[in-house]
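Chemist: model the following, please.
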Amino acid sequence: MPRPRLDHVRKAQIVTAAAEVLSERGYANARVVDIAKAAGTSPAAILYWFDGKDGLLAEALSLREVEFHDRYTVRIERAASASEQLRILIEAMLHHYDWSLWMELCVLALRDSAAAAERDRMDRRWRAMLRKVIRDGQQAGEFAAGDADETMFVLAALLDGLAPLLAMKARGVTKQRVERTWLAEAARLLGPGFDSRPLSRSR
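Modeler: A predicted model of the protein is given here:
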């Protein structure tokens, strides 16, 4: 297959367009031609660079993940306490993470080994970040002593279970309610050293 001309568009632009289209329309309703139109290129260019929608979905979520971590890692590293770090992390995951794309990848992972591997990689990275903040807070005496891995497991599972319901606009599930529930559980597990006040979401 001859290489299509991509003078007017970069591969990254295709991935960015794919992230937007897939997040907005969902995997089943997004067509390659729709993504090509959003990227200002041709379906042939997309099929040259990617393995159809499957390859695009994994790369699109990877791009969003990189953007997400680039944006919040600096804030977390500059935070003065583990409590502040954890609040930044949960604010980011609850209010700014693209859960719609994540859910699309999870469904694809049920039948595609490459997507399953990508889903596992992303999940391990998120859990590792959460575990590190919890462990650092415990070692500094800021959080109550305990098994950091078990605490991480509960808090990660709580968000992983509720955030998709937010993405689906489930009745009775609001960001404020999920935030309140998560912060209360974190305070129960981590002790009074954790700041469980409502998040400001100023950024």
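
Chemist: ranges for the helices of this structure?
Modeler: Assigned by DSSP state H, the chain shows helices spanning 11-25, 32-39, 43-49, 52-78, 82-95, 99-109, 113-139, 148-167, 175-190.

Chemist: what number of residues lie near the closest residue to A36 other than its chain neighbours?
Modeler: Of all residues not flanking A36 in the chain, P43 sits nearest, at 4.7 Å (C-beta to C-beta, 6 or more residues apart in numbering). The way it works is simple: take the backbone N, C-alpha and C, and place the C-beta from them, glycine included. Using other C-beta atoms under 10 Å, P43 is surrounded by 16 other residues.

Chemist: P43 is in contact with W49, isn't it?
Modeler: No: assessed by C-beta atoms under 8 Å, P43 is found out of contact with W49, at 11.2 Å.

Chemist: just send the helices of the chain back as CSV, with distance to R197 and mean pLDDT too.
Modeler: Listed next are those as CSV, based on distance: least, C-beta to C-beta, whole Å; pLDDT from 0 to 100:
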stretch, distance to R197, mean pLDDT
helix 11-25, 30, 83
helix 32-39, 40, 88
helix 43-49, 46, 82
helix 52-78, 18, 79
helix 82-95, 9, 93
helix 99-109, 24, 84
helix 113-139, 16, 92
helix 148-167, 17, 95
helix 175-190, 8, 96
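
Chemist: and the nearest residue to S196 once chain neighbours are set aside, how many neighbours?
Modeler: Leaving out its chain neighbours, the residue that sits closest to S196 by C-beta to C-beta, 6+ apart is A187, at 3.9 Å. Neighbour count for A187, taken as other C-beta under 10 Å: 17.
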